[in-house]
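Asker: no sequence for this one, just the structure:
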Ligand code: GLA
């Protein structure tokens, strides 16, 4: 957790004035435990909020301007609340700008301007949702301080729309939803089509969740992500011959897809569809296993999920595969998989507490030997969704 006294100092240094009227909000990052590339197909995901994320210090000012600054980036700026436009050179500031724009488009009046200082603890580009965390904390703080309701489902939706429309990233709802609605020690079983969700206690007994960062820059992730989305849409089109009402792959059972496989002509498109439909089924089975305290099965489903993302959906890549392979070879590891969009980013493993040190040493060493890259590890606890700290 960030040191708020120190951040207050930094805030006052940057903006001047006094600490009176300064508010502090926090939104976490997220790790997805299982259910990958299912959200935009209207299926299940099973993410959890992390204990680290983005801390926002915010204070009202006397005009209709926004001051934007971050402890992570040199770039800072000041802009008018009204008439916000996307500018490439505004870099990270386009995330809060998108939220202000989206709030106004939805009719949430922002009567006053604010100064904001962000402090991010999520490594950028690691696939742990640093952008969703910035978006959600900004929306929550601005709504709350402007006297509007802070409905965290609505916040997730408007943050996703802002990322889709303002920032041009066609992500699904999982990241913003998890960051907005997470709960300490719980994972979220979310049906992305209806947004019906259940907080499931994550009782992992003597096992820990260990995140491994490949520190591989996720190049080309946007174009490959969009390509996967179109392939899923293609599968839906092909299957309409049998299911005229079909709009999303998540509406099909594994059996229905199998029975109609002949309708999908492109084998690559069939592989993508198989991953999606089987992964959704796996989420349901893995949550049942977790509820029955059957961590061994839960770990096995994690492994199956990764293998399917590697072989059928083809979004893993050498670095993630190397890390997962080393992880699974450590005694006391029940399961290991990539988490997030893929093509680099992080893995998540379920590791016995007595094996965590060996895990970090051994996987780090083997991963470096295989890829030449230095891994980083976080033994993580599950934290709360967005909240006001002060
Ligand atoms: C990224 C997107 C999510 C989701 C995952 C893959 O994190 O932002 O919406 O699609 O990839 O599961």
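Answerer: Great, that's in hand. Because the structure is predicted, anything quoted here is derived from the model rather than measured.

Asker: contacts and neighbour counts: CA atoms only from here.
Answerer: Fine.

Asker: Quick check: residues of this protein near the ligand?
Answerer: 36, 37, 38, 39, 171, 172, 173, 174, 175, 340, 341 (CA under 6 Å from any ligand atom).

Asker: In helices, which of these appear?
Answerer: 174, 175 (DSSP state H).

Asker: Can you go through the residues of the chain next to the ligand and name the buried ones?
Answerer: Among those, those classed as buried by 16 or more other CA atoms under 10 Å are 36, 37, 38, 39, 171, 172, 173, 174, 175, 340, 341.

Asker: Show me what the top strand by length along the chain is packed up against.
Answerer: Counting by DSSP state E, the longest strand found in the chain is strand 47-61. Contact analysis of strand 47-61 by 3 or more CA pairs under 8 Å, 6 or more residues apart in numbering; DSSP states H and E lists helix 4-15, strand 22-32, strand 113-120, helix 130-145, helix 174-181, strand 186-191 as its packing neighbours.

Asker: give me every residue that touches the one residue in the stretch 201-350 of the chain that gets nearest to the ligand.
Answerer: Residue nearest to the ligand within the stretch 201-350 of the chain: residue 341 (3.4 Å; CA to the nearest ligand atom). Contacts for residue 341 (CA atoms under 8 Å, 6 or more residues apart in numbering) come out as 36, 37, 127, 221, 225, 315.

Asker: tell me which of the residues you listed is nearest to residue 382?
Answerer: Minimum separation from residue 382 among these (CA to CA) is found for residue 127, which lies at 16.4 Å.

Asker: Could you report the separation of the closest one from residue 347?
Answerer: Distance, residue 127 to residue 347, using CA to CA, to the nearest Å: 9 Å.

Asker: Same check on residue 335?
Answerer: 10 Å.

Asker: now swap in residue 238 and tell me
Answerer: Look at residue 238 and residue 347: by CA to CA, they are 33 Å apart.

Asker: repeat for residue 278
Answerer: From residue 278 to residue 347 the distance is 20 Å (CA to CA).

Asker: same check, this time on residue 2
Answerer: Residue 2 is 24 Å from residue 347, by CA to CA.

Asker: okay, those two: which has more neighbours?
Answerer: Higher neighbour count among residue 2 and residue 347: residue 347, with 29 against 14, using other CA atoms under 10 Å.

Asker: Let me know whether the more buried one touches residue 325 as I believe.
Answerer: No: using CA atoms under 8 Å, residue 347 makes no contact with residue 325, being 10.8 Å away.

Asker: List the residue ranges of the stretch 51-200 of the chain that fall below the pLDDT cut-off.
Answerer: For the stretch 51-200 of the chain, applying pLDDT under 70 flags no range at all.

Asker: Try it again at 90.
Answerer: 83, 123-126 (pLDDT under 90).

Asker: got it, and the stretch 201-350 of the chain?
Answerer: Looking at the stretch 201-350 of the chain by pLDDT under 90, you get 217-223.

Asker: measure the residue in the stretch 51-200 of the chain that the ligand sits nearest to to residue 193 for me?
Answerer: With CA to the nearest ligand atom, the shortest gap between the stretch 51-200 of the chain and the ligand falls at residue 172, namely 3.3 Å. With the distance defined as CA to CA, residue 172 ends up 10 Å from residue 193.

Asker: Are there residues contacting both of those two? Which ones?
Answerer: With CA under 8 Å, 6+ apart as the test, residue 172 and residue 193 both reach residue 39.

Asker: Please compute how far the helix or strand containing residue 320 lies from its chain's middle.
Answerer: Residue 320 is part of helix 318-328 when elements are defined by DSSP states H and E. Helix 318-328 sits 21 Å away from the centroid of its parent chain (CA atoms, centre = their mean, to the nearest Å).

Asker: How about stretch 321-331?
Answerer: Computed by CA atoms, centre = their mean, the separation of stretch 321-331 from the middle of its chain amounts to 23 Å.

Asker: Can you name the residues in contact with that stretch?
Answerer: Applying CA under 8 Å, 6+ apart, the set of residues contacting stretch 321-331 is 212, 214, 310, 333-338, 347, 349, 355, 358-359, 362-363, 366-367, 370-371.

Asker: In helices, which of those residues fall?
Answerer: Going by DSSP H, the helices hold 310, 358, 359, 362, 363, 366, 367, 370, 371 from the contacts of stretch 321-331.

Asker: just these now: which is nearest the ligand?
Answerer: Here the nearest of the ones in helices among the contacts of stretch 321-331 to the ligand, counting by CA to the nearest ligand atom, is residue 310; it sits at 13.2 Å.

Asker: Not counting sequence-adjacent ones, nearest residue to that closest one?
Answerer: Distance criterion CA to CA, 6 or more residues apart in numbering; nearest residue to residue 310, sequence neighbours excluded, is residue 316 at 5.2 Å.

Asker: Might one say that that neighbour is in contact with residue 342?
Answerer: Yes: if you go by CA under 8 Å, residue 316 and residue 342 touch, sitting 5.3 Å apart.

Asker: quick check: longest helix of the protein.
Answerer: Longest helix of the chain, by residue count under DSSP H: helix 267-291.

Asker: Look up how far residue 51 lies from the closest residue to residue 366 other than its chain neighbours.
Answerer: Nearest residue to residue 366, sequence neighbours excluded (CA to CA, 6+ apart): residue 326, at 6.6 Å. In this view, residue 326 and residue 51 are 26 Å apart by CA to CA.
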